[in-house]
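Chemist: Below is the sequence, then the predicted model.
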Amino acid sequence: MSQLYKGFIDRITYHNPDSGYTIARLAVEGERERVTIVGALASVQEGENVEVEGLWENHPKYGKQLKIENYKTVYPSTLEGIQKYLGSGMIKGIGPVSAKRIVAHFGAATLDIIDADPQRLGEVPKLGQKRVDLIAAAWGEQRQIKDVMVFLQSHGITTGYAVKIFKEYGQEAIHKVRSNPYRLERDVAGIGFRIADRIAQNLGLGREAPARVQAGIRYLLTQAADDGHVFLPAVELMERAREILEINAELLPPALEDLRADDGVVTEGTHYYLPPLHRAEVGAASSLQRLLRAPAEPLQIVRETDEDGLELALAQKQAVELVAVSKVMVLTGGPGTGKTTVTRRILRLLEEGELKVALCSPTGRAAKRLSEACGREARTIHRLLEFQPAERQFKKGYDDRLEIDALIVDEASMIDVVLMNALLRALPDAARLVLVGDVDQLPSVGPGNVLRDIIDSGEIPVVRLTQIFRQDEASHIVRNAHLINDGAMPVIDNSASADFYFARESDPAKVVALVEELCAARLPGHGGWDPLRDIQVLSPMYRGETGALNLNQRLQQRLNAGGRPYHHRGNELRVGDKVMQVKNNYDKGVFNGDMGIVERLDADKQILCVRFDYAVEYDQADLDELTLAYAISTHRSQGSEFPVVVLPLTTQHYVMLQRNLLYTAITRAKKMVVIVGTDKALKLAIENDEVARRFTTLKERLRGEVGPLLEAGAGERLGDDGGFSD
C-alpha cells in the first residue's frame, strides 16, 4: 500500500538528467532517520521540500527504499525551513547569506512575495537590481517546472512519464499536452496510443474527437506494421477501428482526409499506408527496376569447380552462370543445399571479373558467419550504409552511393521493406546485386515480405537449390528440416549418436520441468554443452505455461539463482543472466536480437553492464530494451545459429503452430535439436502450411500492376526521410 511522506531533500546520491532517475535521502518531518527514496524526479534540488508517495521495497544491499510513485514539491512553512530552502543553491543569485537577509526582511511571507512580485527583493539591503533580476528569472524557471509537473500528475500521468514529457517539451509541456495529448505517442519514447488516450480522457476529450480518431488510425497502421503489414485495406481498417477504438466507421473518412492533407497517411485506392512504409515500398521497387534496366557486361567463367576442385551440381552451376549475365538475382534454398558454396563461387567469379565486391547481412552474427565462410570482410547493412546515430539516418543513399560494382546480401529473408529500400537506394546503377536467403523461413520481423515478393514477382531471376549434399547426409537436422518443409513427419532417432531428439510429454508442467532439466543438467552432462553459450530454448509463443516468459523465469532460477538481482518494473535481472537487446540502439551500438551476459551491477547509479562483443552500460531509461534470453521466440531467433536448440512444442501453442515457424526453429541448430512435446502438436505444425498473409504490394509494383511507378529515381528520392526505422 502506498505511503505518503513530507520532508526535504537532504542529499542527492545520484541523478540521471535524461531519465530523471534519482536516488536521494529524505529528511522526514518528525523523524530522526533519513529515508532513501528512488525513482523519477524532475529538477529536484538538495534542500527542496517535497511530498513523496511510494511503496517500500527491500534492496538486498542497501536495505529499505521508498520507490517513488508520485511526488510534488512544496514550500517550507517555518522561517528556518524557508531560509534553508532559499540558501540551498537551487535559486541562482541566492546564497546562505542573502537568504538570511531576505527572510529577515519579509518573514513568513517571503515565498509568497517572491512568487507574486519578485522585484520587491530590491527592498532587501545589499541586493542590487542585477541580482534581483537573476533571482526573478531563476525563480520563474523553477516555478514553471513545478507547474508542469503538477499539471501532468493531476491528469493521471505517472512521475516517470511526466519527467519524459517535460524533458521533451520543457516549458511548453502544458500547452502541447492540453492542445493535443495524442502527439505524445509520436514525440515521447515509451508513450504509445493507449497511454496518450488515457491522458486525453483525463483531459476531457471525447472518444469521437477528431484528434483521437486520427491518432487511432495511425495507431492501427503502426500496429499493423508491427505485425508485418505494409498497409491495411479499407475493410480491415474499418473493422479494427470498430473493435479496438470503439468508434463508428463513419468517423474514419473525414479523419483520413485530414491525415492525408497533413501527410499522416498515404492512400492508394482502398489501401492505407503510413508514409514511411509507402515511400519504402515504392522506393524498393523503383530501385530494383533501375538496376535491372542498366546494362551489364557479361562475366567470363574461368573455372567450373569450387575452391576444393569439386564439380558444382547443376543448380549450383546455373546460379553462377546467372550471375555472370544478370544484374540482379536471387539464390535460395534450405540447409545443406550448398548456398555457402555457391556464394563463395559467385564471389570468386565477381572478383575474377575485377569487380569491387561488398558483402553484408542484416545482423552482426550473420555478417560474422558470412565473413568466415567467404574469407572476406562482411558488414551489417547499417555499417555498410554508415548509419549516423545522431541524425538517425544513413550517410549512404541516393545522393551518396556506395562505391562498389557488386553486392552480395546474405540472410535476405530477414530484411524488411524499409531496410531493403535504404540498401537499394545506395547501389550505383551499374552494380550487380545477389540476394541469398531461405525463402521458406519466417519473414522479416519488420514490415513486408521482401524476399518472397521479389521471387513471386517473376521479374527477378531466381535459382532454388534443393539437393542435399553428401557432407550433410548424416545430419538428421538437415534431413528433417527438408522433410518438414515438404509437409512430411521427421525421422526420429533417439539413439545416443543422433542429433535430432523427440522427448514425448503432454503435460505442460512436465514439459517445462523437462526443458529445465535438459538445459541445466542433461545436455551439459551429455555433450559438455554450456547452458548459456551453447543451448538456446526457442518457444513458438511468449505467454502460456510453456511460453518464453515462464521458461525464462524458471531457467533464471535454475541456472542463475545466486546472481545479484536488480528489479525494474516488476522484472528481475541478475548478474550472470543471459539477456537480449530487443530494440536497435545505435548510440550504444547494439541491435535488436543481440545477446549478451549481465556482468556487473552498479547499485548506487542503478546501472547494469552487459557483455556483448564489448561491454555496454544500461541505466533506468534503457532497461526496457533488455529481456531475459534463456528462452526466446522463434521469430527472435532469425539470423542466428546455436549449437543446440531445445524446442517445447505443445498444443498450448495451437495458434502459432505453423510449418515455417517449426522449420525456422529447427534450422537455427548447428549440432543438435531436442523437441519436447507431443506428436499431435508436431503434426499440427507440419500440416499447417498456411503462411499468415502480409498486406504488401511490392510484388505488384515490380510487375507494374499498382498504377505507374514514379519516374526513375523518384521513388528513391521519396525515401530520403523514410529510409530507416527501428
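Modeler: Looks like it came in fine.

Chemist: Helices along the stretch 251-400 of the chain, start to end?
Modeler: Using DSSP state H, counting those that start in this stretch, the helices of the stretch 251-400 of the chain run over 252-261, 275-293, 314-325, 339-352, 364-374, 381-384.

Chemist: out of those, which comes closest to residue 397?
Modeler: helix 275-293 (10.1 Å; C-beta to C-beta). For glycine as for every other residue, the C-beta is placed from the backbone atoms N, C-alpha and C.

Chemist: List the buried residues for the closest one?
Modeler: Across helix 275-293, burial judged by 16 or more other C-beta atoms under 10 Å covers 275-292.

Chemist: and that helix, what's its mean pLDDT?
Modeler: If you average the pLDDT over helix 275-293, you get 96.

Chemist: the inter-axis angle of that helix versus helix 252-261?
Modeler: Computed by axes from the mean of the first three to the mean of the last three C-alpha atoms, to 10 degrees, the angle separating helix 275-293 from helix 252-261 equals 60 degrees.

Chemist: What is the neighbour count of residue 254?
Modeler: The tally of other residues near residue 254 (other C-beta atoms under 10 Å) stands at 12.

Chemist: on that earlier part again, of the helices of the stretch 251-400 of the chain, which stretch is the most buried?
Modeler: helix 275-293 (a mean of 24; mean count of other C-beta atoms under 10 Å).

Chemist: ok, what's across the strand from residue 271?
Modeler: Per DSSP bridges, the residues bridged to residue 271 are residue 233, residue 268.

Chemist: from here on, count from 55
Modeler: All right, first residue 55 from here; so that's residue 325.

Chemist: What pLDDT does the model give it?
Modeler: With respect to pLDDT, residue 325 has a value of 94.

Chemist: Residue 448 too?
Modeler: On the pLDDT scale, residue 448 gets 92.

Chemist: so how many other residues sit close to it?
Modeler: Neighbour tally, residue 448, other C-beta under 10 Å: 22.

Chemist: Over to the one 4 residues further on?
Modeler: When neighbours are defined as other C-beta under 10 Å, residue 452 has 18 of them.

Chemist: The helices of the stretch 305-454 of the chain: which one's closest to residue 505?
Modeler: Closest among the helices of the stretch 305-454 of the chain, once you apply C-beta to C-beta, is helix 329-347, at 11.6 Å.

Chemist: which strands and helices sit next to the helix or strand containing residue 218?
Modeler: Using DSSP states H and E, the element containing residue 218 is helix 213-223. Packing partners of helix 213-223 (3 or more C-beta pairs under 8 Å, 6 or more residues apart in numbering; DSSP states H and E): strand 88-94, strand 117-128, helix 183-208, helix 227-233, helix 238-241.

Chemist: Just say which of these is most tucked in.
Modeler: strand 88-94 (a mean of 20).

Chemist: In its sheet, which strands sit next to that one, and in what direction?
Modeler: strand 75-82 (antiparallel), strand 117-128 (parallel).

Chemist: before we move on, what SS does the nearest residue to residue 665 once chain neighbours are set aside have?
Modeler: Of all residues not flanking residue 665 in the chain, residue 653 sits nearest, at 4.6 Å (C-beta to C-beta, 6 or more residues apart in numbering). Put simply, residue 653 is strand when judged by DSSP: H, G, I helix; E, B strand; the rest coil.

Chemist: what's the distance between residue 653 and residue 633?
Modeler: Distance of residue 653 to residue 633, given as C-beta to C-beta, to the nearest Å: 11 Å.

Chemist: Looking at the two now, which is surrounded by more residues?
Modeler: residue 633 (24 against 13).

Chemist: looking at this, the more buried one is in a strand?
Modeler: Yes: using three-state DSSP, the assignment for residue 633 is a strand.

Chemist: Do you know the pLDDT at it?
Modeler: 95.

Chemist: same check, this time on the one 10 residues further on
Modeler: At residue 643 the predicted local confidence, pLDDT, stands at 79.

Chemist: burial of it, as a residue count?
Modeler: Residue 643 has 15 nearby residues by other C-beta under 10 Å.

Chemist: For it, which non-adjacent residue is spatially closest?
Modeler: With C-beta to C-beta, 6+ apart, the residue lying closest to residue 643 is residue 670, at 7.4 Å.

Chemist: The one you found and residue 649 touch, don't they?
Modeler: No: using C-beta atoms under 8 Å, residue 670 is not in contact with residue 649, being 12.0 Å away.

Chemist: Low-confidence ranges, the stretch 455-604 of the chain, go.
Modeler: Applying pLDDT under 70 to the stretch 455-604 of the chain flags residues 524-528.

Chemist: Okay, strands next: where are they in it?
Modeler: 460-463, 486-491, 516-519, 554-558, 589-593 (DSSP state E, counting those that start in this stretch).

Chemist: and the ones you listed as CSV, adding mean neighbour count and distance to residue 711?
Modeler: Listed next are these as CSV, based on neighbours: other C-beta atoms under 10 Å; distance: least, C-beta to C-beta, whole Å:
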stretch, mean neighbour count, distance to residue 711
strand 460-463, 25, 31
strand 486-491, 25, 24
strand 516-519, 19, 26
strand 554-558, 18, 15
strand 589-593, 27, 12
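
Chemist: Out of these, flag the one nearest residue 757.
Modeler: strand 516-519 (14.7 Å).

Chemist: Just the C-alpha atoms of the closest one, please, in CSV.
Modeler: Extracted in CSV, the C-alpha atoms of strand 516-519 (Å, rounded to 0.1, in the frame of the first residue of the first chain):
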residue,chain,number,x,y,z
VAL,A,516,15.9,-17.0,-59.2
VAL,A,517,17.8,-20.2,-58.6
ARG,A,518,16.4,-22.5,-55.9
LEU,A,519,18.8,-25.2,-54.5
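
Chemist: Quickly list what's touching both of residue 653 and residue 633.
Modeler: Residues within reach of residue 653 and of residue 633 at once, by C-beta atoms under 8 Å, 6 or more residues apart in numbering, are residue 664.

Chemist: Now the spatially most central residue of the chain: phi and psi?
Modeler: With the centre of the chain defined as its mean C-alpha position, the nearest residue by C-alpha atoms, centre = their mean is residue 637, 2.2 Å away. Here is the backbone geometry of residue 637 (degrees, to the nearest 10): phi -150, psi 140.
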